[in-house]
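Colleague: sequence and predicted structure are below.
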2 protein chains.
Amino acid sequence: MEAVPRKTTIREVARAAGVGIGTISRVLNSSSQVSWKTRARVLDAIRRLGFRPNAQARRILKKRAEMVCFLLSNRDFLHPFHARILQGVESYASGMKQHVLFAALHYSPRTPPEKIDLPPVLQEHGLIDGVILAGTIYPNLLRRIEGIQMPFVALSNNVMGMDDVQQFDQVGFDDLNGTLQATRYLISKGHRRIVFAGDVSYPWLQRRFEGYGRGMREQKLKPVLITARNVPSFGDFGQESVGRILSGRSRPTAVVAGNDEIAYGLWRALCRRGVKVPDEISLVGFDDREEAVLMDPPLSTVCVHKEEIGETCMKMLLERLHHPQMAFSQRVLPTEFLIRGSVRQL
Amino acid sequence: MEAVPRKTTIREVARAAGVGIGTISRVLNSSSQVSWKTRARVLDAIRRLGFRPNAQARRILKKRAEMVCFLLSNRDFLHPFHARILQGVESYASGMKQHVLFAALHYSPRTPPEKIDLPPVLQEHGLIDGVILAGTIYPNLLRRIEGIQMPFVALSNNVMGMDDVQQFDQVGFDDLNGTLQATRYLISKGHRRIVFAGDVSYPWLQRRFEGYGRGMREQKLKPVLITARNVPSFGDFGQESVGRILSGRSRPTAVVAGNDEIAYGLWRALCRRGVKVPDEISLVGFDDREEAVLMDPPLSTVCVHKEEIGETCMKMLLERLHHPQMAFSQRVLPTEFLIRGSVRQL
DNA sequence: CGATTCTATGGAAGCGGTTCCAAGAAAAAC
DNA sequence: GTTTTTCTTGGAACCGCTTCCATAGAATCG
């Protein structure tokens, strides 16, 4: 490794400007009063020397990294869903002069979720002030993070297997109410035979199914869950399950899909069989991915405000950093059912 | 802001282990030889005290941040394309014990691309070792980054308005050859009247059009460019231009779309008019987004290996960091035409 | 067995900033 | 004109680590 070019330090600036080092620091932090003349001289020297203060050195004294980590498992990252959340995080962070470190949790067949270690960025101290846990989160990881006393905010919809009172900061969105609204809407449009497509192995799918179930039971209708086993991805779900949905004595008039990907797969499978949406069967999704509006007909779906979730995570984390003793808070952001073309009035 | 809980330092560990601070440091860096017994004592003390070394302090001495910045304009970020590149960057970086800082360039109507300032993360020195420039890059930004002598690698496909010899490290993929292959394939399938859909305001679309043009001219066929003006996004491109494609005396039998988004929009517009793909018109795209394979028929498209691009960017940046004087290099990664169902044999 | 080499270890110096205290200069008060 | 207060300013000390030098004991050698 060759030598890094020598960088200007605060002492050289001080010499160039003919002032003391303390003065340079004061100018940089625009803290206490520096006389108009001195400030100009310093600023000039800084410009002439192309001086940029060393961030590490400042941080070591300030005891704040001004950086948070956005942690995502490598399983989840493909999804634009999380990319949008990251965008929200970055957007709020940059407004607060914070940086965002992107890190992935590298799960692999060799390191099953139950025994994964802390990611390197959390092993060392001082690099980041806190963590935002997006993507699927396993309880053991949470406990490790608590163990090192690293402040964090979790995207609660993705926390696995902790349905009890959770003693940490969370931001989530309202799965249950989303499908509840969607189901009510379908019912208001005259639908009675409505099925839910999705498995319930994820807590969020479980909640979405519950919301649908509640909507059905409100009107004394019977909830029906359609699952598909052993599908490689949500996109293949429809292909696998469309047969079971269409067969049976009384074919449903509408399907609530567990997410947009399932809805999209279903739509394709239906198209292929010549079943028209929404003429013969209505369809609603969940997430409002970019493609939802591009489908034909555009998909009615439950919109999750992803940027807002990201911003809220960041905001909550900053509050935690400023008030470490504050009580934990859980925020559930509302979801919004968007009426588009994929539902027909019966 | 309340007090940050006091963290254990190397001196406390030294006291607890009954050794000197230098020894702790040597154990941590597993550098020079420490006796088996002492090492065990130190390791034990570290565990007992829950000591995690302060990363900032180490970096200030090592003069390396072990961190690179992935910089993307806020215009580009929505696209899964860049998310995948980021994934590739992170993947390679984590293998090399490097961290990835995610930063966005906040363009706005108030700050047009020509006069945007350096992002905050580049204003300070020592935070990052280098930058990966993804997303649309304007020359003035490049010059600013050169000005502060920050090592960088650019995703060359997105560099605007610099077609001369470029004196910096670049990773790109082969736009021209991609459409060339696609066009040759179409011709091999018996197509003669082939049009290109896309405008040429972006350099990469320009190159894709050129590749298509070359393929056509090889067979003495006449290239035709179909553009759409004033469309809010590539997705709306098809809707806008489908009329012009289908009308005219001799309707084309195939369309090369500038990217998958255009292809998708086109496909929808064609569906809506009852024109069947590929029976009545064949269609190929570019990028191989996730949705390409989910379309019906699955879209034949030019695959860009996004993770590989990310990895290559990271790799090249690390080489640059280790050898600052090394000559600049430009790498163009191959693209690959994927045959799927959207092209018909004539 | 004394001289020489080697290995393990302690701790001072220093990285590039911030902070604080003391002190000089200027302004205000008496 | 002298005293008091306020405003600026310089620079030592320090943040938590690495690095290097000095030293002490062990090992090797003639």
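Modeller: On my side now, so go ahead. Numbering: from 1, shown residues only, chains lettered A, B, ... in the order given.

Colleague: for the stretch 201-346 of chain A, what lies in contact range of chain B?
Modeller: Contact residues (Cβ under 8 Å from any Cβ of the partner chain) of the stretch 201-346 of chain A with chain B: A:235, A:264-265, A:268, A:271-272, A:290-291, A:294, A:296, A:322-325. C-betas here are computed from N, CA, C, even on glycine.

Colleague: now which of those residues would you call buried?
Modeller: A:235, A:264, A:265, A:268, A:290, A:291, A:294 (16 or more other Cβ atoms under 10 Å in any protein chain shown).

Colleague: the residues you listed in strands, which ones?
Modeller: Counting by DSSP state E, no part of these is found in strands.

Colleague: switch those residues over to TSV; also include pLDDT.
Modeller: TSV is the format used below for these (pLDDT from 0 to 100):
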residue	pLDDT
A:235	84
A:264	92
A:265	91
A:268	87
A:290	85
A:291	84
A:294	82
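
Colleague: out of those residues, which sit inside helices?
Modeller: Of the positions in these, A:264, A:265, A:268 sit in helices, assigned by DSSP state H.

Colleague: ok, those residues vs DNA strand C, which is closest?
Modeller: Closest approach between those and DNA strand C, by Cβ to the nearest atom of the strand: residue A:264, at 51.6 Å.

Colleague: wait, doesn't residue A:48 sit right on residue A:17?
Modeller: No: using Cβ atoms under 8 Å, residue A:48 makes no contact with residue A:17, being 9.2 Å away.

Colleague: intersection of neighbour lists for those two?
Modeller: With contacts taken as Cβ atoms under 8 Å, 6 or more residues apart in numbering or on different chains, residue A:48 and residue A:17 have no neighbour in common.

Colleague: show me which residues of stretch A:144-163 are buried.
Modeller: Buried, per 16+ other Cβ under 10 Å, within stretch A:144-163: A:144-145, A:150-160, A:162.

Colleague: ok, residue A:194 - contacts?
Modeller: A:183, A:186, A:187, A:212, A:216, A:221, A:224, A:252, A:253, A:254, A:255, A:256.

Colleague: change it to 7 Å
Modeller: A:183, A:186, A:216, A:252, A:254, A:256 (Cβ atoms under 7 Å, 6 or more residues apart in numbering or on different chains).

Colleague: next up, identify which helix or strand the first one is on.
Modeller: Here residue A:183 is covered by helix A:175-188, with elements defined by DSSP states H and E.

Colleague: what are the phi and psi values at residue A:54?
Modeller: phi -80, psi 120 (degrees, to the nearest 10).

Colleague: report the separation between it and chain B.
Modeller: To chain B, residue A:54 is 4 Å away according to Cβ to the nearest Cβ, to the nearest Å.

Colleague: then residue A:166?
Modeller: For residue A:166 relative to chain B (Cβ to the nearest Cβ), the value is 22 Å.

Colleague: try residue A:285
Modeller: Taking Cβ to the nearest Cβ, one finds residue A:285 at 14 Å from chain B.

Colleague: that residue pairs with what?
Modeller: Here residue A:285 sits in beta bridges with residue A:301, going by DSSP bridges.

Colleague: ok, back up a step: can you put the buried ones among the residues of the stretch 201-346 of chain A next to chain B in TSV and add distance to DNA strand C?
Modeller: Listed next are those as TSV, based on distance: Cβ to the nearest atom of the strand, whole Å:
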residue	distance to DNA strand C
A:235	51
A:264	52
A:265	54
A:268	57
A:290	42
A:291	47
A:294	49
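
Colleague: what's the closest residue to residue A:191 other than its chain neighbours in contact with, if anything?
Modeller: Closest residue in space to residue A:191, ignoring its immediate chain neighbours: residue A:254 at 4.3 Å, by Cβ to Cβ, 6 or more residues apart in numbering or on different chains. With contact taken as Cβ under 7 Å, 6+ apart, residue A:254 is in contact with A:186, A:191, A:194, A:281, A:282, A:343.

Colleague: try residue A:192
Modeller: Neighbours of residue A:192 in contact, by Cβ under 7 Å, 6+ apart: residue A:221.

Colleague: again with the one 4 residues further on
Modeller: When the contact criterion is Cβ under 7 Å, 6+ apart, the partners of residue A:196 are A:209, A:212, A:223, A:224, A:225, A:226, A:256.

Colleague: the strand or helix carrying residue A:24 vs chain B: in contact?
Modeller: When elements are defined using DSSP H and E, residue A:24 is found to belong to helix A:21-28. No: interface with chain B: helix A:21-28 contributes nothing (Cβ under 7 Å from any Cβ of the partner chain), its closest point being 10.2 Å away.

Colleague: verify the stated contact: residue A:333 with residue A:311.
Modeller: No: using Cβ atoms under 7 Å as the test, residue A:333 is too far from residue A:311 to be in contact (10.0 Å).

Colleague: out of those two, which sits in the busier spot?
Modeller: residue A:311 (21 against 15; other Cβ atoms under 10 Å in any protein chain shown).

Colleague: go ahead and confirm the more buried one touches residue A:92.
Modeller: Yes: Residue A:311 lies in contact with residue A:92 (Cβ under 7 Å); the separation is 4.2 Å.

Colleague: what are the ranges of the helices in the stretch 151-300 of chain A?
Modeller: A:175-188, A:203-218, A:237-246, A:260-272 (DSSP state H, counting those that start in this stretch).

Colleague: pLDDT weak spots in chain A?
Modeller: By pLDDT under 70, the low-scoring segments of chain A are A:1-6, A:31-32, A:161-165.

Colleague: mind running it again at 50?
Modeller: A:1-4 (pLDDT under 50).

Colleague: how is it divided into domains?
Modeller: Under automatic domain parsing, the residue ranges defining each domain of chain A are A:10-53, A:67-174+A:307-333, A:175-304.

Colleague: what would the ones you listed look like in CSV with distance to residue B:32?
Modeller: Below are those laid out as CSV (distance: least, Cβ to Cβ, whole Å):
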stretch, distance to residue B:32
domain A:10-53, 31
domain A:67-174+A:307-333, 21
domain A:175-304, 50
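
Colleague: dump these to a markdown table, plus distance to DNA strand D.
Modeller: Conversion of these to a markdown table gives the following (distance: least, Cβ to the nearest atom of the strand, whole Å):
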| stretch | distance to DNA strand D |
| --- | --- |
| domain A:10-53 | 2 |
| domain A:67-174+A:307-333 | 7 |
| domain A:175-304 | 38 |
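
Colleague: for residue A:187, which non-adjacent residue is closest in space?
Modeller: Using Cβ to Cβ, 6+ apart, the closest residue to residue A:187 is residue A:219 (5.5 Å).

Colleague: how close does residue A:211 get to chain B?
Modeller: Taken as Cβ to the nearest Cβ, the span from residue A:211 to chain B is 26 Å.
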